[in-house]
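# Build me a structure from this.
(one chain, ligands or ions: 3)
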Amino acid sequence: MEKLKLAVYWASSCGGCDIAIVELGERLLELAQVADIVFWPAAMDFKYTDVEAMPDKHIDVTLFNGGIRTDEDAHIAHLLRTKTKVLVAFGSCAMEGCIPGLSNIKGPDHALQGAAWTSPSVDNGAQVLQQGHFAMPEGDLTLPVLSKQLRTLSQVVPVEYSIPGCPPHHDQIWKAMTAVIENKLPEVGSLLGVDDRTVCDQCPREREGKIRVDRFVRPHEIIPDPEICFLEQGLICAGPATHAGCGALCIHAEMPCRGCYGPPAGVVDQGAAMLDAIVAGFEGESDADIRQVLSTIVDPVGTLYRFSLGASVLHQIKMGLAESGQVCDSQRNGEDAS
Ligand code: SF4
Ligand code: SF4
Ligand code: SF4
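Ligands and ions are numbered 1, 2, ... in the order given. Here you go, the predicted structure:
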């Protein structure tokens, strides 16, 4: 039987998703029996020209991690789309923007200036900023140009499947790879490597359905009861609005769920669903009292949309879809990063 051709790519990524694949451990040897890796820049020395030289649809499956932050990310997303039969948004960054997607609130100029000027470890008194293109006596330098908004992979090219998680759990990656190997992939558009329902359904803590606190707290502020639901003790836990699949990893480590597996089936906006779940816990309280308790959530957008702002329907409406893809002002040089 002909071996599968597998590719792995990182766009604007922390590298954790590539590590998660390495965590397959000995199962990588099993994978190597049935699949050849034809492109994986994080692990092996491939060049973009290698991919450009491939015939269209040459790659059977590409696991694409990282968000679309730069013109280079967008270019490779289009290139791999052309060369791949089954394109998978792998991990939270590619699927829904993840932590880097939070920079969509203040935009790339703010992020770039923070990194280049105001970071305590930077000495840049002349306030020089990285430019997309820069003419030097030795020749032209070309660097990736940031786009106005970090986009998810499916906002740039069509994808067949998504595997959630920051990063996806290696057991779930193997489950997804087994479906590929055995040619048992579900309907196009499905999530791979998830369990049914929500993190709450895999959580052993007792839940009464009622939040009895007058303010929300952060994990360092209290020692929570180990048997009782975090949310009901005033710790924001995204379990009700998060797809099951990790086995409630954080809960078993005595930490609330942050929401990295994305929204459960049927939910399009995870932050809105989380807010809905919190408000439901105050059923019977007055609107004014509920608003007062909600006002004690520190960094509500960063908390409720920690992983999903890039895919948030509400955020896209607020920002105006037409804006996404334009070049960051600090690097403006006449090029569009779409
Ligand atoms: S999903 Fe998480 S682990 Fe994967 S690249 Fe993004 S930040 Fe890193
Ligand atoms: S909200 Fe969190 S702590 Fe409470 S039941 Fe759900 S997962 Fe468990
Ligand atoms: S418990 Fe929540 S934040 Fe932790 S790994 Fe699971 S989905 Fe991600």
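
# so which residue of the stretch 201-338 of the chain comes closest to ligand 1?
Ligand 1 sits closest to residue 260 of the stretch 201-338 of the chain, with a gap of 7.1 Å, by CB to the nearest ligand atom. The way it works is simple: take the backbone N, C-alpha and C, and place the C-beta from them, glycine included.

# Could you check how far that residue is from residue 196?
18 Å (CB to CB, to the nearest Å).

# for the protein, which spans come out with low pLDDT?
The chain contains residues with pLDDT under 70 at 321-338.

# Okay, domains of this protein per the record?
Annotated domains of the chain cover 4-99+148-181, 199-297 [automatic domain parsing].

# Residue 260 and residue 196: which has the busier surroundings?
Under the neighbour definition other CB atoms under 10 Å, residue 260 and residue 196 were set side by side, and residue 260 has more, 26 against 11.

# OK, contacts around the more buried one?
Contact analysis of residue 260 by CB atoms under 8 Å, 6 or more residues apart in numbering lists 92, 98, 164, 165, 166, 242, 246, 306, 307.

# Which strand or helix spans the fifth one?
Meaning residue 166. Of the helices and strands defined by DSSP states H and E, none includes residue 166.

# just checking, it touches residue 90?
No: with contact defined as CB atoms under 8 Å, residue 166 does not reach residue 90; the gap is 11.1 Å.

# quick one: which of those two has more around it?
Between residue 166 and residue 90, residue 90 has the larger neighbour count (other CB under 10 Å), namely 34 against 23.

# near ligand 1, which residues of the stretch 51-200 of the chain?
Applying CB under 6 Å from any ligand atom, one finds that the stretch 51-200 of the chain approaches ligand 1 through 65, 66, 91, 92, 93, 98, 99, 166, 167.

# Quickly note the distance from the third one to ligand 3.
It refers to residue 91. Distance of residue 91 to ligand 3, computed by CB to the nearest ligand atom, to the nearest Å: 11 Å.

# same deal with residue 150?
As judged by CB to the nearest ligand atom, residue 150 and ligand 3 stand 20 Å apart.

# okay, how far is it across stretch 231-238, tip to tip?
Length of stretch 231-238, first residue to last, CA to CA, to the nearest Å: 8 Å.

# With stretch 16-32 instead?
End-to-end distance of stretch 16-32 (CA to CA): 21 Å.

# Run through who's touching that stretch.
6, 8, 10, 40, 42-43, 63, 65-66, 90-91, 93-94, 165-170, 173-174, 177, 181.

# Flag every buried residue along that stretch.
Residues of stretch 16-32 classed as buried: 16, 17, 18, 20, 21, 23, 24, 31 (neighbour count, 16 or more other CB atoms under 10 Å).

# and of those, the nearest to residue 285?
Residue 285 lies nearest to residue 16 out of the buried residues of stretch 16-32, by CB to CB, at 39.6 Å.

# Show me which residues of the stretch 101-250 of the chain sit near ligand 3.
199, 242, 246, 248, 249, 250.

# Let me see the ranges of the strands in the stretch 51-200 of the chain.
With DSSP state E, counting those that start in this stretch as the definition, the stretch 51-200 of the chain shows strands at residue ranges 59-65, 68-70, 84-90, 133-136, 139-142, 146-151, 161-163.

# rewinding a little: filter the contacts of stretch 16-32 down to the ones in helices?
Secondary structure of the contacts of stretch 16-32 is defined by DSSP state H; positions in helices are 93, 94, 170, 173, 174, 177, 181.

# By neighbour count, which of the residues you listed wins?
Neighbour-wise, the ones in helices among the contacts of stretch 16-32 (other CB under 10 Å) top out at residue 94, 34 neighbours.

# circling back to that earlier point, closest to ligand 3 out of the contacts of residue 260?
Lowest distance from ligand 3 to these (CB to the nearest ligand atom) belongs to residue 246, with 3.2 Å.

# Run through who's touching stretch 204-219.
Residues contacting stretch 204-219 (CB under 8 Å, 6+ apart): 200, 227-236, 248, 251, 255-256, 278, 280-283, 292-293, 296-298.

# please redo it, this time with the cut-off set to 6 Å
With contact meaning CB atoms under 6 Å, 6 or more residues apart in numbering, stretch 204-219 is reached by 227, 228, 229, 232, 234, 236, 281, 282, 296, 297.

# same deal with stretch 114-127?
The contact list for stretch 114-127, computed with CB under 6 Å, 6+ apart, reads residue 129.

# CA atoms only for it, dumped as CSV, please.
The C-alpha coordinates for stretch 114-127 follow below in CSV (Å, rounded to 0.1, in the frame of the first residue of the first chain):
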residue,chain,number,x,y,z
GLY,A,114,5.3,47.0,23.0
ALA,A,115,7.8,44.4,21.8
ALA,A,116,10.2,46.9,20.1
TRP,A,117,10.0,49.9,22.5
THR,A,118,8.5,49.3,25.9
SER,A,119,9.5,45.8,26.8
PRO,A,120,11.8,46.1,29.9
SER,A,121,14.4,43.9,28.2
VAL,A,122,14.6,46.2,25.1
ASP,A,123,17.1,49.2,24.7
ASN,A,124,15.7,51.0,21.6
GLY,A,125,16.0,54.7,22.4
ALA,A,126,15.7,55.7,18.7
GLN,A,127,12.4,53.8,18.6
